[in-house]
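Engineer: structure of the sequence below:
(chains A and B)
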Amino acid sequence: MNWLDRLIEDSTRRVARSSSRRSFLTRLGTAIAGSAVAVPLLPVARGAESAGSRAEPPDESGKSGDEYDPTSCAYWRHCAIDGFACACCGGSQSSCPPGTELAGMTWLGTCRNPDDGKDYIISYNDCCGKGSCGQCLCNRNEGDMPMWMPPKSNDINWCQGVASQSYHCTIAAVVGVAVENG
Amino acid sequence: MNRLLPVLVLAAAGLAGADSGAEYPPPVNYMLHCMGCHLPDGSGGPPDVPDVRGEMGCLLSVEGGREYLVQVPGAAQAPISNAELAAVVNYMLETFNADTLPGEYAPLTETEVAGWRKDWLPDVAAVREELMARVEREAVENCTGAQK
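Structural biologist: Here you go, the predicted model:
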């Protein structure tokens, strides 16, 4: 086995001489951090890119009043929500509370931003895996269809394609701008 | 009646919304009417929600496949015009199925959609199975041996 030991020792020493742990860590770190930046983590963000016309959410900073309060039912993005607003449940209008899983399958609608007057495409993803949040129930239903048209109904449990179907709360993420033809 | 009234009002409101006259470009209609289940990248959740990447293009090469694309319930019943449905299906073909489109690819037209759409398929799974078997039998280029 001596020759095998020598072979491995030689090659190991060669690698050790020509590289440093630090350079390896640098490359590894770049790979991890770089890919995290390049690939948005939220499915909704990926969706906006692949479906084209990716929209930045309108600037809501510095605006006051219920229409700009994600914990209010009057929040402008909540025009077609039916559920508990995640902003009241430890999450935000665009992220799930800790311990819950974002359902990729969802129902989408448009809401008009009161500031710039544009219609934005809102994705009402459910956050799943914990019991009902119970805070800030909001049921506005603009454009909602009855259950006989499932893809356009917000009455069904959209915890689909996730580990648990237990519904916790709903986010309201901006994924695009609905600009009409013409 | 008291319990039925909200349902009727809701239905009327929904229908009014569906026929508001607004026509959107294909990427917007994909987001509003398809993406909810087929997901932003088209991967869906097989077997319940078909993956629309690849197979859609394959279907264009076999008899009955072209019609099928606008006769599946999600397409046929989407609250958009025939022209919009043709455009959004063409968008999906060109975006998610570039590798499997037939050489002589012709986009769907509004007239075709108008003719086929009303005959939507109640047993969509059986038709799909038959069409995919046809794809396999006819050895459509880039489509066989790698069925999802």
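Engineer: what mean pLDDT does stretch B:49-59 have?
Structural biologist: Averaged across stretch B:49-59, pLDDT comes to 94.
Engineer: how long is it end to end?
Structural biologist: 17 Å (Cα to Cα, to the nearest Å).
Engineer: okay, buried residues for that stretch please.
Structural biologist: Across stretch B:49-59, burial judged by 16 or more other Cβ atoms under 10 Å in any protein chain shown covers B:Val49, B:Pro50, B:Asp51, B:Val52, B:Arg53, B:Gly54, B:Glu55, B:Met56, B:Gly57, B:Cys58, B:Leu59. In short, each C-beta sits where N, CA and C put it, glycine included.
Engineer: closest to chain A among these?
Structural biologist: Distances from chain A to these, taken as Cβ to the nearest Cβ, are shortest for B:Val49 (7.2 Å).
Engineer: starting from the host helix or strand of A:Tyr120, tell me which strands it pairs with and how they run.
Structural biologist: Per DSSP states H and E, A:Tyr120 falls inside strand A:119-124. Next to strand A:119-124 in the sheet, as set by DSSP bridges, lie strand A:107-112 (antiparallel), strand A:173-177 (antiparallel).
Engineer: phi, psi for the residue of chain B found nearest chain A please.
Structural biologist: Across chain B, the shortest distance to chain A (Cβ to the nearest Cβ) belongs to B:Pro40, at 2.1 Å. Backbone dihedrals for B:Pro40, given as degrees, to the nearest 10, come out at phi -60, psi -40.
Engineer: quick one: pLDDT of it?
Structural biologist: 93.
Engineer: that one: neighbour count?
Structural biologist: The tally of other residues near B:Pro40 (other Cβ atoms under 10 Å in any protein chain shown) stands at 23.
Engineer: between the strands paired with strand A:119-124, which gets nearest to B:Leu32?
Structural biologist: Closest approach to B:Leu32 among those (Cβ to Cβ): strand A:107-112, 5.6 Å.
Engineer: avg pLDDT for the closest one?
Structural biologist: 91.
Engineer: stretch A:162-173 now?
Structural biologist: Per-residue pLDDT values over stretch A:162-173 give a mean of 95.
Engineer: sec struct for the residue with the shortest distance to the centre of chain B, please.
Structural biologist: By Cα atoms, centre = their mean, the mean C-alpha position of chain B lies nearest to B:Ala75, the distance being 4.1 Å. Of the three states, B:Ala75 takes helix under DSSP: H, G, I helix; E, B strand; the rest coil.
Engineer: mind checking which helix or strand of chain B has the lowest mean pLDDT?
Structural biologist: helix B:5-18 (a mean of 38; mean pLDDT, DSSP states H and E).
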